[in-house]
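>>> Predicted model follows, preceded by the sequence.
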Amino acid sequence: MFRGVNPINLDAKGRMAVPARYRDKITEYCCGHMVATIDTEERCLLLYPLAEWEEIQEKIEALPSFNPAARRIQRLLIGHATDLDMDANGRLLLSAPLREYAELNKKIVLLGQGNKFEIWSEERWLATREEYLAEAEGGMALPEELQNLSL
């Protein structure tokens with residue numbers, strides 16, 4: 001559903017304009033209701049249509065609360081989950097704690113990942129992308145699941 005790299009500017013209030021090519025899909029799929037949370041592996045945000053997030057949250061809530069790793073994930077992902085509604089101008093307001101976590105300033109990147117988006121600071125995304133490309137050039141082994149994939 002969502003793919004592509006989209007450079008975007010945040011305004012002074014922390015609003016990002018969703019690229020026009022996604023707005024109709026988002027409105028049709030979830031009436032503009034989205035959920036943003038933190039990525040626990042990278043300093044970026046995850047942005048889901050509400051229905052997608054509700055499925056994920058249900059799975060996270062089902063994890064055993066006495067398992068310290070599961071509890072950590074529950075606290076981080078659900079604790080930071082923030083409901084966002086796309087306004088009439090196609091903008092989403094990112095809360096200060098989310099912007100702070102991902103170190104978002106004026107220039108950000110909206111990265112389509114199929115059923116969700118990732119939101120990165122432009123500087124961090126460019127550096128991370130270069131790391132990924134360097135790893136590929138260095139001959140990092142592909143997971144077995146990808147070795148039979150044909151592009």
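All right, it came through fine. Predicted, not measured: the structure shown is a model, and the values here were computed from it. Numbers count the residues shown, from 1 in each chain.
>>> OK, contacts around the spatially most central residue of the chain?
Centroid check for the chain by C-alpha atoms, centre = their mean gives L46 as the closest residue, at 2.1 Å. Residues near L46 by C-beta atoms under 8 Å, 6 or more residues apart in numbering: A36, T37, I38, D39, K116, F117, E118, I119. Quick note: C-beta positions are derived from backbone N, CA and C, even for glycine.
>>> That one - that's part of a strand, no?
Yes: the assignment for L46 (DSSP: H, G, I helix; E, B strand; the rest coil) places it in a strand.
>>> The helix or strand of the chain with the lowest mean pLDDT packs against which elements?
Sorting the helices and strands of the chain by mean pLDDT, DSSP states H and E puts helix 144-147 at the bottom, at a mean of 73. On a contact count with 3 or more C-beta pairs under 8 Å, 6 or more residues apart in numbering; DSSP states H and E, helix 144-147 meets no helix or strand.
>>> Send me it as CSV with only the CA atoms.
Coordinates of the C-alpha atoms in helix 144-147 are reproduced here as CSV (Å, rounded to 0.1, in the frame of the first residue of the first chain):
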residue,chain,number,x,y,z
GLU,A,144,18.0,-17.5,3.9
GLU,A,145,14.5,-16.2,3.2
LEU,A,146,15.9,-13.6,0.8
GLN,A,147,18.4,-15.8,-1.0
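>>> List the buried residues in stretch 84-96.
For stretch 84-96, a neighbour-count test (16 or more other C-beta atoms under 10 Å) marks L84, M86, G90, R91, L92, L93, L94 as buried.
>>> nearest to Y29, of those residues?
Y29 has its nearest neighbour among these in M86, at 11.2 Å by C-beta to C-beta.
>>> Show the pLDDT at the nearest residue to the closest one once chain neighbours are set aside.
Using C-beta to C-beta, 6 or more residues apart in numbering and skipping the chain neighbours, the partner closest in space to M86 is G32 (3.5 Å). We have a pLDDT of 97 for G32.
>>> Please apply the same query to P19.
Per-residue pLDDT puts P19 at 97.
>>> How many neighbouring residues does the closest residue to it other than its chain neighbours have?
Leaving aside its sequence neighbours, P19 sits nearest to N6 (C-beta to C-beta, 6+ apart; 5.0 Å). For N6, the neighbour count with other C-beta atoms under 10 Å is 19.
>>> Cool, thanks, talk later.
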